[in-house]
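A.B. asks: everything below, folded, please.
(4 chains, ligands or ions: 4)
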Amino acid sequence: MVDELISLLSPEGEPLPHPEVVNSLNADALAALYRDMVIVRRLCNEATALQRQGALALWAPLLGQEAAQIGAGRALQPRDFAFPSYREHGVAWCRGVPPADVLRLFRTVSSGGWNPYTYNYALPTIVLANQMLHAVGYAMGMQRDGDPAAVITFFGDGASSQGDALESFVWASSFNAPVVFFCQNNQFGISTPVTTQSRVPLAERARGFGFPGYRVDGNDVVAVYEVTRQALERARAGGGPTLIEAYTYRMGAHTTSDDPTRYRLDAEVEMWKHRDPIERLKALLTREHEYHRTFFDGADTEAETLAMDLRRDVLAMERPDPITMFDHVYAEAHPLIDEGRRDLRDLGLTEALS
Amino acid sequence: MVDELISLLSPEGEPLPHPEVVNSLNADALAALYRDMVIVRRLCNEATALQRQGALALWAPLLGQEAAQIGAGRALQPRDFAFPSYREHGVAWCRGVPPADVLRLFRTVSSGGWNPYTYNYALPTIVLANQMLHAVGYAMGMQRDGDPAAVITFFGDGASSQGDALESFVWASSFNAPVVFFCQNNQFGISTPVTTQSRVPLAERARGFGFPGYRVDGNDVVAVYEVTRQALERARAGGGPTLIEAYTYRMGAHTTSDDPTRYRLDAEVEMWKHRDPIERLKALLTREHEYHRTFFDGADTEAETLAMDLRRDVLAMERPDPITMFDHVYAEAHPLIDEGRRDLRDLGLTEALS
Amino acid sequence: MAAALNAGLRRALEDNEKVLLMGEDIGTLGGVFRITDGLLRDFGADRVIDTPLSESAIIGTAVGLAMRGYRTVCEMQFDGFVYPAFDQIVSQVAKLRKRSDGVFTMGLVIRLPFQGGIGAIEHHSESPEAYFAHTPGLRVVSCATPHDAYWMIQQAVACDDPIIFCEPKSRYWEKGAVDLEHAGIGLFDARVVRDGRDVTVVGFGSYVKTLLRAADAAALEGRSLEVIDLRSVSPLDMDTLVSSVRKTGRLLVVQEAPHTASIGATLVAELTRHCFYDLRAPGLIVSGYHVPYPISRHEEVYRPSVERILDGVDRLYEYDA
Amino acid sequence: MAAALNAGLRRALEDNEKVLLMGEDIGTLGGVFRITDGLLRDFGADRVIDTPLSESAIIGTAVGLAMRGYRTVCEMQFDGFVYPAFDQIVSQVAKLRKRSDGVFTMGLVIRLPFQGGIGAIEHHSESPEAYFAHTPGLRVVSCATPHDAYWMIQQAVACDDPIIFCEPKSRYWEKGAVDLEHAGIGLFDARVVRDGRDVTVVGFGSYVKTLLRAADAAALEGRSLEVIDLRSVSPLDMDTLVSSVRKTGRLLVVQEAPHTASIGATLVAELTRHCFYDLRAPGLIVSGYHVPYPISRHEEVYRPSVERILDGVDRLYEYDA
Ligand SMILES: Cc1ncc(C[n+]2csc(CCOP(=O)(O)OP(=O)(O)O)c2C)c(N)n1
Ligand SMILES: Cc1ncc(C[n+]2csc(CCOP(=O)(O)OP(=O)(O)O)c2C)c(N)n1
Ligand SMILES: [Mg+2]
Ligand SMILES: [Mg+2]
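C.D. replies: Ligands and ions are numbered 1, 2, ... in the order given. You can find the predicted model right below:
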């Protein structure tokens, strides 16, 4: 099963049969996924615009990866816990994190942005693959609590080469941890092609660690949803870890600091445009479920409103008082923290009173 | 092929047929392997005795792993380069490292013991799996030099869980490096059973990284030799890396500081006695090649002589002057080194003159 | 001391069911130093966890367990094997509380048998405390006696901040009284273990005992050393240190780690700042040399000895002339 | 400075065919800071190597390549991503020459864009030099000008010892003259960049420029600062430092890394020892605070500024009273 790419929708939006994975989604559910994808793309583009205008320090666009993120994000149940890397704004949306909170990090007004326990969604992790071990640990905790929930952790094709990623496979297998490793293979780690990380599909890694790996068409939201849902169910039921490789393509730049023309051809990008995840679902909805312009326009309008809200909220975010840099470094009293606070006050670099 | 354990000799020393791996060794070559195994076992036991008498700080016995080490060691050609972990005294023997030099580290008169370039055999590496990346780098150097040789690196079942081990697989595959990863699965990392490191045979790891893995009976010196030889040939010919898992058993303690009765049953050890690698080859030599007592006694006598030489040489090793601790830390002049030397002289803790 | 640590861990496991132990060979074997002996039997494999051999994963999963409300005491088998976990410690353990605006509590303990003196081979005798003390978000402590071992490990487990817990492995087999009722002192307090007039000598871990011996020897020469057990390497208990140096006017720091960018350098710099007018001589440091930890046949030359400490005291007095 | 580094690397590649470059995105992309721009094209993929994303492996394979006679310049993409390689650096790179009795030459360079000041998100603004300076077997240097960037990188490649090469990323885009004929100074020498009478101020990397600005400002108040660019963080060029402090009697060290177990602490401790009778005030340190590097909106408060440096100078003068 590993070598094969699981696809339930053709690029033209035609349903494809699969012996083991079946589309369980009704029309409403499909329409909801469509709406999600439209919204997260629109919000992403707004963030890019905000960055260009100097309102954000940086932005890492998800363009092209909407299906991978929404498919996986919507497969989660409320009690499941997700550990993102730094590009999973679509998953954050599914978990209910307010879009503006996702941008706090990029507006550099916070190094976090939300309370992870409110959404069962951890903070972004920049150091590649670090979060994968946290995910395994959290899953071991769930096991000990007897909680019938699962953990999912996201990582990239590039991050797959980090020792932490591979150790997390060892541990998940050894402890039979309820964790799903979700690799968005968008074919690049900045400029580095995935072929530098592996000569075989990344999903194949799993078997050598003793658990199943699946390769799914990452631009097919239905396939992603179904494969992830099955993996999560298996994990919740004590079946142990699964690796899912969502084969997709990063349509935009790595981040707003990146210039992808230096390392890839327009022709390749053009080719992937024809596999657009949103167009694909739109075609299905139109043809098989008779969704019309009103619905699609409605989704666009809603996305537009959310984008404007996002813009407003982001622009309203002010720099916190510098004295807050001393907050939450330690839980308990620490003399060097007190000294630092004093120093800032003496220098007049804070408005806070002592 | 991975799941299967490649064996060319039964525990009773009967030749076993194999579709792909053939015993290419003539009687003389087999007898030489026998001699090697007898010698390294005897030397190992002498080292243990020396440790018990206080002449060594520590010793890590190879007992039970003679076939794995001699089979792999004798498969190497002179230009090949080997990177050991810390237990591969048998491989050191094959590379021609004087046995006493191997004990310098354990007598704590040196942190090395020999010139690696003299024997194309690197120094021991204590930090698990660090050497595996050195091996890949060295192999990348051979590639750049156009040298038709290969690198082999040894590691344990325990070390297989380290990030460095797994990153070395990624890199070897990515650069198609001429390296053979030789895992001695002796079923324990100190007290930890191999089942804690992996739920499937370790050889299976390889395929997910894009290169072949073989599982060989580590107590069958012929099978180990042939499988390793093939892998090295493939590497030298540009065929890339191979993982070999030699399935064996650590008959002794982890080190002389260890007490294996705390974590394993005598019955298991007893069972493995019946798979003794030396007895197995002896049976073959006796039955198929008509070797007799004179030969076997001769090997024992030779081993005994070498053991006595080893004892003599080790006991003659003196503590180097403490001032040598400042040698070779840096290649170029360094003020703190000069200061340290001065301090030692002022304190009268060295006999060396300034 | 080994027995005291074992008893302290046992109490921590009894007192709070969210406490877990993780490490290599800590379960069935009881750890290579037997610090966790018997705990697997009494608390089960869900709480005393023999792990695969990957230090980064030991710390990384402990972080995840902390996020789930567990408190994990991680054993690094030897000091020299903590480095594969350095990234998780410095990038995650130290920073996650801050990054989450205080939501994540990183109440985990990393036990580190440290310093040399047991005749071991390479990588088994490192003194990495400075790396961790330099890292904001971490705390670093070290116990020098069985009493402190028993109490400090419990206090460390109870602390809501991540703690690097340095155990002087050469003292594991030393005996000493443990007051099972009273800790007597906080986790981050230094302790004056011997009052003195002339020189403040500061050390931690295995060196506390060495300093006491040096003080005995110095007394014979008529010099009165005040011996301070730092206990908390980070943060430093400046009050105790400053009052001692104000009194004696002389400071000697003893550590096994090399001098550059070390705790000793920090102590000298900070105490010079606070006691500038009191110091009769510059604060001096007796430390390991700027070389990798040597072969163990040289370790008694490398490690600060009573002789080298007394030599340091002599050098302090040279400034009196 | 970026162009100077590029030119220096180019010359190193030309001069010695055993020189290789390795790193993430250094080839096709030319590195995220474009330091290696064009080098893949001119020297080929065998010498300018785009690697998989694993820092431990970058250093570990560079060690193997060094054993095979190659000299690899490893780029860490950002300071905060060196920690996964910490074990290979501390356990192997630093120790292998010693462990092999001088047989293995670890002539490799680890390039580290360090210090903050570019408005980046977390993990992109670390100052980890103290970790490496504390480690015997390593050397740590930092360039502050294009001229030094051009020459020091070549000297580092030529050096038979492993070098942590710290590049102040906030100065990558600054211009300055490069003398293509003469380096003028050795890799491990400090440089007095401005003579002064009253206070010795020491810094490195991006702070050299800040110190010069502070010296300008102090001059207006009639205080003459002697500005020293440390250049070599380990080992320290004590001769240059001692003669300056002997002259001025006052010492201020400026660094971005936090104070505890830092280079600044070492400088203060060592210079207090060597210049005890010359110092009119304790050596003081202006450093980053003891917190994880803050959000970039706070970085100009966190980073030592001209204002904070002048404040430090004032505090030195308070001891005159
Ligand atoms: C340990 C570490 N090394 C390097 C980096 C710098 N870096 C940030 S993103 C990135 C590429 C990651 O690629 P991938 O994992 O495929 O994720 P993607 O960006 O494609 O989503 C790199 C090298 C980092 N964040 N962490
Ligand atoms: C990074 C690291 N962690 C821990 C240790 C301590 N240690 C030494 S040997 C060993 C067991 C290794 O087992 P394995 O790799 O199977 O090799 P074996 O001893 O069986 O030959 C351990 C945990 C170490 N040397 N390095
Ligand atoms: Mg990617
Ligand atoms: Mg083993």
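A.B. asks: what number of residues lie near residue A:333?
C.D. replies: By other CB atoms under 10 Å in any protein chain shown, 9 other residues sit near residue A:333. From N, CA and C alone the C-beta is placed, and that goes for glycine too.
A.B. asks: quick one: it from residue C:188, how far?
C.D. replies: According to CB to CB, to the nearest Å, residue A:333 and residue C:188 sit 9 Å apart.
A.B. asks: ditto for residue C:265
C.D. replies: 20 Å.
A.B. asks: got it, and residue A:9?
C.D. replies: Distance from residue A:9 to residue C:188, by CB to CB: 60 Å.
A.B. asks: what of residue A:230?
C.D. replies: For residue A:230 relative to residue C:188 (CB to CB), the value is 50 Å.
A.B. asks: try residue C:267
C.D. replies: Where residue C:188 is concerned, residue C:267 sits at a distance of 15 Å (CB to CB).
A.B. asks: looking at the two, which is more packed in?
C.D. replies: Neighbours were counted for residue C:267 and for residue C:188 using other CB under 10 Å; residue C:267 has more, 29 against 22.
A.B. asks: now the more buried one: closest residue in space, sequence neighbours ignored.
C.D. replies: residue C:253 (4.9 Å; CB to CB, 6 or more residues apart in numbering or on different chains).
A.B. asks: so that neighbour sits in a strand?
C.D. replies: Yes. Counting by DSSP: H, G, I helix; E, B strand; the rest coil, residue C:253 is part of a strand.
A.B. asks: tally of neighbours for it?
C.D. replies: Residue C:253, neighbours per other CB under 10 Å, totals 30.
A.B. asks: strands along the stretch 51-200 of chain C, start to end?
C.D. replies: Shown for the stretch 51-200 of chain C, the strands assigned by DSSP state E, counting those that start in this stretch span residues C:71-75, C:109-114, C:139-142, C:163-168, C:191-194, C:199-203.
A.B. asks: can you give me the offset of the first one from its chain's centre?
C.D. replies: This points to strand C:71-75. 16 Å (CA atoms, centre = their mean, to the nearest Å).
A.B. asks: so which elements touch it?
C.D. replies: With contacts taken as 3 or more CB pairs under 8 Å, 6 or more residues apart in numbering or on different chains; DSSP states H and E, strand C:71-75 sits against strand C:19-23, helix C:55-67, strand C:109-114, helix C:146-158.
A.B. asks: hmm, try it at 7 Å
C.D. replies: When contacts are defined as 3 or more CB pairs under 7 Å, 6 or more residues apart in numbering or on different chains; DSSP states H and E, strand C:71-75 packs onto strand C:19-23, helix C:55-67, strand C:109-114.
A.B. asks: quick check, the second one touching chain A?
C.D. replies: Yes. For a cut-off given as CB under 7 Å from any CB of the partner chain, helix C:55-67 has contacts with chain A, namely C:56, C:57, C:60, C:61, C:62, C:63, C:64, C:65, C:67.
A.B. asks: compare these and tell me which is most surrounded.
C.D. replies: residue C:61 (34 neighbours).
A.B. asks: A strand includes residue C:233, no?
C.D. replies: Yes. Counting by three-state DSSP, residue C:233 is part of a strand.
A.B. asks: that one and residue C:58, how far apart?
C.D. replies: In terms of CB to CB, residue C:233 sits 22 Å off from residue C:58.
A.B. asks: between these two, which is the more surrounded one?
C.D. replies: When neighbours are counted by other CB under 10 Å, residue C:58 comes out ahead of the other of residue C:233 and residue C:58, with 30 against 26.
A.B. asks: look up which residues are beta-bridged to the closest residue to that one other than its chain neighbours.
C.D. replies: Leaving aside its sequence neighbours, residue C:58 sits nearest to residue C:74 (CB to CB, 6+ apart; 5.1 Å). Residues in a beta bridge with residue C:74, per DSSP bridges, are residue C:22, residue C:110.
A.B. asks: residue C:74 and residue C:110: what is the separation?
C.D. replies: For residue C:74 relative to residue C:110 (CB to CB), the value is 5 Å.
A.B. asks: how about residue C:308?
C.D. replies: 30 Å.
A.B. asks: higher neighbour count, these two?
C.D. replies: Neighbour tally, residue C:308 and residue C:110, criterion other CB under 10 Å: the higher count belongs to residue C:110, 27 against 20.
A.B. asks: let me see the contact set for the more buried one.
C.D. replies: C:59, C:74, C:76, C:89, C:164, C:165 (CB atoms under 7 Å, 6 or more residues apart in numbering or on different chains).
A.B. asks: how close does it get to residue C:88?
C.D. replies: Residue C:110 is 10 Å from residue C:88, by CB to CB.
A.B. asks: overlap in contacts, these two.
C.D. replies: Common neighbours of residue C:110 and residue C:88 (CB under 7 Å, 6+ apart) are residue C:59.
A.B. asks: quick one, phi psi at residue A:211?
C.D. replies: phi -140, psi 170 (degrees, to the nearest 10).
A.B. asks: what about it, how many residues nearby?
C.D. replies: 25.
A.B. asks: any idea how far the residue lying closest to it once chain neighbours are set aside lies from residue B:199?
C.D. replies: Spatial nearest neighbour of residue A:211, chain neighbours left out: residue A:241 (4.7 Å); criterion: CB to CB, 6+ apart. For residue A:241, the distance to residue B:199 (CB to CB) stands at 11 Å.
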